[in-house]
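Q: When you get a sec, could you give me coordinates for this:
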Amino acid sequence: MSSLQYRADIDGLRALAVLSVITFHFDMSYLTGGFLGVDIFFVISGYLITSIIYKEKLNDKFSYREFYSRRAKRILPPLFFMLTLVLAVGWYLMLPYDFYKLGVSAISVLMFASNMQYALRSGDYFSADSSEWPLLHTWSLAVEEQYYFIFPITLFLLLKFLKQHTLLTLALIMVASFGLAEWMSRTAQFSSLSYYLIVTRMGELLVGSLLAIAHRQKLINMFTSNFVATSSFLLIIGLLFLVDKSIPFPGVIALLLCFPVAILINSRDTLINKIFSNRALVYIGLLSYSLYLFHWPVLAFMRYLFNVEVGGDTSLSLVNQVFALIIIVILSLISYYLVEKPARTAKSKNRTVLFSYFIIPTFCIGLFSSFLFVTKGYPDRFSTENSDPAMEFSHIEKDICPSLVKLNCVGGKEPSEKRIVLFGNSHAEHYFGFVSRVAKLHNYKLGLYATGGCSITFSSFKCQSLYKEFMGDIERKDAIIIALRWDTISNSILEKEMQKLISEAKKHTSRVIVLAQPPALKYQPEKAMNCEKYNLNCVFDKGFSEEVKSKNLFVEKLALDLGVEFFDPLVGTNKDDWLMLDGKLNFYDDNHLSVYGNIWLFNNYKNSSPKSLFKM
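A: As a prediction, this is how the structure comes out:
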């Protein structure tokens, strides 16, 4: 096995990276650019891995089997340990749909594709919603693993066919990656994708790889200048404090960070090297992988339990932060000393590594995660005599609409020549049960085109795809129904975009119906129930927000001015029944009706005989 001369200062640099990330994740205000710590990790990884690969290749000693065996021993045991604990905690803490999504995330981690899975979810890395996803941090591991598959093959092809131009070619790929990242980060349609993808992150790893190859080819020498090293260190610190989530990232800013990191890796015998060789920093650097693996799930689960209010600060109280830190340190020490270190130093044959470190744990975790996927988070964990958790803790019936990323479900009466379409985001999803029952009552077939996280512009990659599918299936429809969350859209954008959307819809049907948004709660009722279940001290403001009412009035006037209908399913219902009826939650969360809520709305609709949605 080839190895590199150990450098304590690189472990110290790892400590800076992991401490930056953890500080940022505890509270963004503590270190606004702390998320850049991941990019420091990328440069270090690119440098170390390439140093080994390139040396072994030149000495004709490289073996894919040996390389991936070493990677498996280094990365997989702590990762599987973390996954096992996260799934175990999720069993007791997470509500069905959230546990279902955790199962999907775990499967994507096993496939080294969690970055792609999170790129397709609603919200971005910095959103309040994503702060409660226990496996979000594994996106960076997926990027590294993908690089470990792509880079060795790329390097060997270059050495075989373009040996004299290997560095130049890799440098061009690096520049292209940073350029693509900058463009995507500044383009609304792709901004949420750019953060996660290997093509936009490869440049950061290539900075380290290019440095390693240049070293080996003796094209550059190690810096010994205190001025150069100190300037680079101060630039990194400045970026960690000055950059924040409002700046388009990754791209030029990532490039600005990666080069001083490479300079520090390429320095020796400087004051900065001595600082990073400090025993305390080196020790944290040795723990960095386990610290990174466990810090995020602990914080995500604590936010999941304690953050009940809507629109509140997602940061934890100081007491809970201290408690979280203690748990993180304990779990990281257990992981390092009982899992990571023994696995890495074990004398195991490649076949043993393949089965013990990869196939067996992958099968076990994959089997359980698949069970969560199939059972939609196994809602029976919350079953009571009074309610079905699959209907209480979900805004749509998963047996009918199982897709996580995109919904294209059929409801109403089938077969039927009379057809209607329900289009929108999660607010179309949560009306599906109600509209489907009404459609069936009036002998209409219903098609749903909706996915969560889309605004009225449908500008993101995922939302544009849905919009195109919807437009491709609205020919000759008896009615088109539009449902969105209106209170998150400004009036000026609503006026502009509604006119375009309704104008397009009227080309294909004589009847367009805009649905009102249901009232929004000031807290999340399902999480409040969970909080009370564990006797936690969760303080929150109960009741409904008044903002939705005025927004619905604005949308109603806008719809009527545009010559289409407006329908509010909650008109005529008893306000006392809005949240709960007969011990069953009518609201799945603060702004989505539950499946029970859909049944309650339909019963009110049928019993009160208002103007029919669908009678022509």
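
Q: list the buried ones in the lowest-mean-pLDDT helix or strand in the chain?
A: Lowest on mean pLDDT, DSSP states H and E among the helices and strands of the chain sits helix 350-353, with a mean of 75. Across helix 350-353, burial judged by 16 or more other Cβ atoms under 10 Å covers V353. To be clear about C-beta, it is placed using only N, CA and C from the backbone, and glycine gets the same treatment.

Q: For that helix, which helices and strands make contact with it?
A: Judged by 3 or more Cβ pairs under 8 Å, 6 or more residues apart in numbering; DSSP states H and E, the packing partners of helix 350-353 are helix 64-93.

Q: Can you give the distance of the helix it packs on from its chain's centre?
A: Here helix 64-93 is found 19 Å from its chain centre; the criterion is Cα atoms, centre = their mean, to the nearest Å.

Q: Let me know the average pLDDT across that helix.
A: The predicted model assigns helix 64-93 a mean pLDDT of 92.

Q: Pull out the buried residues from it.
A: For helix 64-93, a neighbour-count test (16+ other Cβ under 10 Å) marks 67-73, 75-83, 85-87, 89-90, 93 as buried.

Q: what does stretch 302-316 give?
A: Of the residues in stretch 302-316, those buried (16+ other Cβ under 10 Å) are M302, R303, Y304, L305, F306, N307, V308, E309, V310, T314, S315, L316.

Q: what does stretch 150-157 give?
A: F151, P152, T154, L155.

Q: OK, contacts around the second one?
A: Contact analysis of P152 by Cβ atoms under 8 Å, 6 or more residues apart in numbering lists I53, F62, Y64, F67.

Q: Check whether I420 sits in a helix, strand or coil.
A: Put simply, I420 is strand when judged by DSSP: H, G, I helix; E, B strand; the rest coil.

Q: just the CA coordinates of stretch 390-405, formatted as PDB?
A: What follows is stretch 390-405, C-alpha atoms only, in PDB (Å, rounded to 0.1, in the frame of the first residue of the first chain):
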ATOM      1  CA  ALA A 390     -51.300   7.700   7.200                       C
ATOM      2  CA  MET A 391     -54.300  10.100   6.800                       C
ATOM      3  CA  GLU A 392     -53.500  12.400   9.700                       C
ATOM      4  CA  PHE A 393     -49.800  13.000   9.000                       C
ATOM      5  CA  SER A 394     -49.900  13.400   5.300                       C
ATOM      6  CA  HIS A 395     -51.400  16.000   2.900                       C
ATOM      7  CA  ILE A 396     -52.000  13.500   0.100                       C
ATOM      8  CA  GLU A 397     -52.900   9.800  -0.100                       C
ATOM      9  CA  LYS A 398     -49.500   8.100  -0.700                       C
ATOM     10  CA  ASP A 399     -51.000   4.900  -2.100                       C
ATOM     11  CA  ILE A 400     -52.500   7.000  -4.900                       C
ATOM     12  CA  CYS A 401     -49.700   9.500  -5.300                       C
ATOM     13  CA  PRO A 402     -46.400   7.800  -4.100                       C
ATOM     14  CA  SER A 403     -43.900  10.000  -6.000                       C
ATOM     15  CA  LEU A 404     -41.600  12.200  -3.900                       C
ATOM     16  CA  VAL A 405     -40.300  14.400  -6.600                       C
END
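
Q: So which residues make contact with the helix or strand that L446 is a member of?
A: Using DSSP states H and E, L446 sits in strand 445-450. For strand 445-450, the surrounding residues in contact (Cβ under 8 Å, 6+ apart) are 401, 407-416, 418-426, 428-429, 432, 435-436, 439, 466, 469-470, 473, 483.

Q: List buried members of these by neighbour count.
A: Among the contacts of strand 445-450, those scoring as buried are 401, 407, 409, 411-412, 416, 418-426, 428-429, 432, 435-436, 439, 466, 470, 483 (criterion: 16+ other Cβ under 10 Å).

Q: Where helices are concerned, which of these count?
A: Those of the buried ones among the contacts of strand 445-450 mapping onto helices are S426, A428, E429, F432, V435, S436, A439, L466, F470, per DSSP state H.

Q: quick one: which of these is nearest to F554?
A: Each of these was checked against F554 using Cβ to Cβ; the closest is A428, at 19.2 Å.

Q: Name all residues that make contact with E497.
A: Contacts of E497 were listed using Cβ under 8 Å, 6+ apart, and they are I456, T457, I489.

Q: Neighbour count, secondary structure and distance to Y289 added to these, as TSV?
A: Converted to TSV, those look like this (neighbours: other Cβ atoms under 10 Å; DSSP: H, G, I helix; E, B strand; the rest coil; distance: Cβ to Cβ, whole Å):
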residue	neighbour count	secondary structure	distance to Y289
I456	21	coil	43
T457	17	coil	40
I489	17	coil	42
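
Q: Name the nearest of the residues you listed relative to V228.
A: Ranked by distance to V228 (Cβ to Cβ), the contacts of E497 are led by T457 at 46.9 Å.

Q: Now do the strand holding L446: distance to the chain's middle.
A: The answer for strand 445-450 is 26 Å, by Cα atoms, centre = their mean.

Q: tell me the mean pLDDT for that strand?
A: Strand 445-450 carries an average pLDDT of 88.

Q: Begin at 31, not 1, for the rest of this chat.
A: Sounds good: first residue 31 from here, last item strand 475-480.

Q: ok, N633 to L150 distance?
A: According to Cβ to Cβ, to the nearest Å, N633 stands 36 Å off from L150.

Q: which residues in the chain form strands?
A: Applying DSSP state E to the chain gives strands spanning 440-442, 449-454, 475-480, 509-513, 542-545, 595-597, 610-611, 614-615.

Q: Pull out the buried residues from stretch 237-253.
A: The neighbour-count check on stretch 237-253 (16+ other Cβ under 10 Å) flags V237, G238, S239, L240, L241, A242, I243, A244, H245, F253 as buried.

Q: wait, what's in contact with the spatially closest residue to D517 that is not a sequence neighbour?
A: Setting aside the residues directly before and after it, D517 is nearest to K581 in space (Cβ to Cβ, 6 or more residues apart in numbering), at 4.6 Å. For K581, the contacting residues are W516, D517, Q547, by Cβ under 8 Å, 6+ apart.

Q: Quick check, the second one in contact with F574.
A: Yep, that's D517 we're talking about. No. Look at D517 against F574 with Cβ atoms under 8 Å: they stay out of range, at 11.9 Å.

Q: Next, show the common contact partners of the two.
A: Taking Cβ under 8 Å, 6+ apart as the contact rule, D517 and F574 both touch A550.

Q: Distance check, F488 against G593.
A: As for F488, its distance to G593 is 22 Å (criterion: Cβ to Cβ).

Q: For these two, work out which one has more neighbours and name it.
A: Ranked by neighbour count (other Cβ atoms under 10 Å), F488 and G593 place F488 first, with 22 against 10.

Q: Can you tell me how far the nearest residue to the more buried one once chain neighbours are set aside is from H622?
A: Closest residue to F488 apart from its sequence neighbours, by Cβ to Cβ, 6+ apart: Y497 at 4.2 Å. For Y497, the distance to H622 equals 21 Å [Cβ to Cβ].
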